[in-house]
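> this is a predicted model, with the sequence first.
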Amino acid sequence: MNTKLPSNQVQFYLPNLDSLENSEQAFADAFLRTAQTLHQYLEQIKSAVKAIQEFTDEPFNSAILGLYTKMCSHYYSYVLLEIYQQDQVGINFLVEQLCDATITLMYLLEEADPALFYEYISTSIEQACSLLVNINEELKESPKRLELIKLKEKLEVFIATHKEYPTRYSSSSKPKIKWGSPEADTTSKRADVLGFNFICSPARQFSLRVVPASWLDLQLNYSYSSHSHPSSSELSINFTRLRDTAHLCLHATQAFLDEIAYNYNLSSTGLALHQNRLTSLYEWFHNAHKMYQSHHSPKL
């Protein structure tokens, strides 16, 4: 099967850094335009892969496409929040979701271990069964809650669809520690294996554990008293985070394309074109951040 991925739908007119003003607004506009180009490119790759006949028939393919789709969605949502500075809690949440999806995608692709993927699936089956028990208990108290009934039906379909999976794909070499457990392959540990631990922030992860709308949440994230109001520099856009998330998406896209090229006969010419585009985007974010840092280092 020959696969053709988009080659010319996205016009790569990246902002010229040499003519860029040194103001934060100018950098923000340039980062936003380039992020839009990257997002459009990611979306077109996703659409092309979705169009591959019978691609998602295999659970592994369905998983990596699902993770790639989640990455595409959260990346641009995060960029908009970062540029327009609407909500730091929202930024933290989206970055964590983006990291989880992107690092898991690369980990599954680069490890290429059937036993690891078995654990990835079976852990979700166990969680679905546990949720179903809790929902059934809740429905005893509120039997007419339509949203609970719909969720129950979705979980039952998921369990029924995957009930044979452990038998079909189980392996004597499967990991002894469950996927996602604190002792096993958390996002931070997977990132460390892949060399992307720089993107994982313990402070960000701990902050998301704060109970929403609690007094602590208000004091940490929404306090506007004179003694705790952030300074103007703390309110500035985090260009380092913009660079790092873009680079993370680019690395994941390279791994994703390598998988497609290997299994679906993507031509060497087509693959080289995409590699050049990924490299151009990677270098732009690197150079733009370096230039911003040279003019605004106190704000980083």
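On my side now, so go ahead. Numbering: from 1, shown residues only.

> and the helices in the stretch 151-300 of the chain, which stretches?
For the stretch 151-300 of the chain, helices defined by DSSP state H, counting those that start in this stretch occupy the ranges 165-169, 187-194, 202-207, 215-221, 239-264, 268-296.

> residue closest to the middle of the chain?
Centroid-nearest residue in the chain: Leu98, 2.5 Å away (criterion: Cα atoms, centre = their mean).

> now Leu98: how far from Val133?
Leu98 sits 31 Å away from Val133, going by Cβ to Cβ, to the nearest Å. Using the backbone N, CA and C atoms, a C-beta is placed for each residue, glycine as well.

> what comes up buried for stretch 66-79?
67-79 (16 or more other Cβ atoms under 10 Å).

> check stretch 264-274 too.
Those would be Tyr264, Leu266, Gly270, Leu271, His274, for stretch 264-274 by 16+ other Cβ under 10 Å.

> and that stretch, how far from the chain's centre?
24 Å (Cα atoms, centre = their mean, to the nearest Å).

> and it, C-alpha only, in CSV?
Extracted in CSV, the C-alpha atoms of stretch 264-274 (Å, rounded to 0.1, in the frame of the first residue of the first chain):
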residue,chain,number,x,y,z
TYR,A,264,2.6,2.0,4.8
ASN,A,265,5.3,2.6,2.1
LEU,A,266,5.7,6.4,2.3
SER,A,267,8.2,7.3,-0.4
SER,A,268,11.6,8.4,0.6
THR,A,269,11.1,11.7,-1.2
GLY,A,270,7.8,12.3,0.6
LEU,A,271,9.4,11.5,4.0
ALA,A,272,12.4,13.8,3.3
LEU,A,273,10.0,16.6,2.5
HIS,A,274,8.3,16.2,5.8
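
> average pLDDT across that stretch?
Across stretch 264-274, pLDDT averages out at 77.

> likewise stretch 50-66?
Average pLDDT, stretch 50-66: 90.

> now swap in stretch 243-255 and tell me
96.

> again with stretch 214-234
Mean per-residue pLDDT for stretch 214-234: 68.

> which stretches of this structure have low pLDDT?
Scanning the chain for pLDDT under 70 picks out the ranges 1-11, 86, 166-185, 224-235, 298-300.

> which ones are touching Asn263?
Neighbouring residues of Asn263 by Cβ atoms under 8 Å, 6 or more residues apart in numbering: there are none.

> ok, Phe93 next?
Leu208.

> could you rerun that using 10 Å?
By Cβ atoms under 10 Å, 6 or more residues apart in numbering, the contact set of Phe93 is His74, Ser77, Tyr78, Leu81, Asp87, Arg204, Ser207, Leu208.

> return the list of helices and strands in contact with the host helix or strand of the fourth one.
Under DSSP states H and E, the secondary-structure element containing Leu81 is helix 59-84. Judged by 3 or more Cβ pairs under 10 Å, 6 or more residues apart in numbering; DSSP states H and E, the packing partners of helix 59-84 are helix 24-50, helix 88-111, helix 114-141, helix 165-169, helix 239-264.

> Glu156: which of those is closest?
Nearest to Glu156 among these is helix 114-141 (6.9 Å), distances taken as Cβ to Cβ.

> by how many degrees do the closest one and helix 59-84 diverge?
Helix 114-141 runs at 70 degrees relative to helix 59-84, counting by axes from the mean of the first three to the mean of the last three Cα atoms, to 10 degrees.

> got the contact list for the closest residue to Ser188 other than its chain neighbours?
Counting by Cβ to Cβ, 6 or more residues apart in numbering, Ser188 lies nearest to Cys200, which is 4.5 Å off, once chain neighbours are set aside. Counting by Cβ under 10 Å, 6+ apart, Cys200 makes contact with Val95, Glu96, Cys99, Asp100, Ile103, Thr186, Thr187, Ser188, Lys189, Arg190, Ala191, Asp192.

> against Ala35, how distant is the closest residue to His289 other than its chain neighbours?
Once flanking residues are discounted, His289 sits nearest to Arg243: 4.1 Å by Cβ to Cβ, 6+ apart. Separation of Arg243 from Ala35 (Cβ to Cβ) stands at 10 Å.

> can you list residues touching both of the two?
With Cβ under 10 Å, 6+ apart as the test, Arg243 and Ala35 both reach Phe285.
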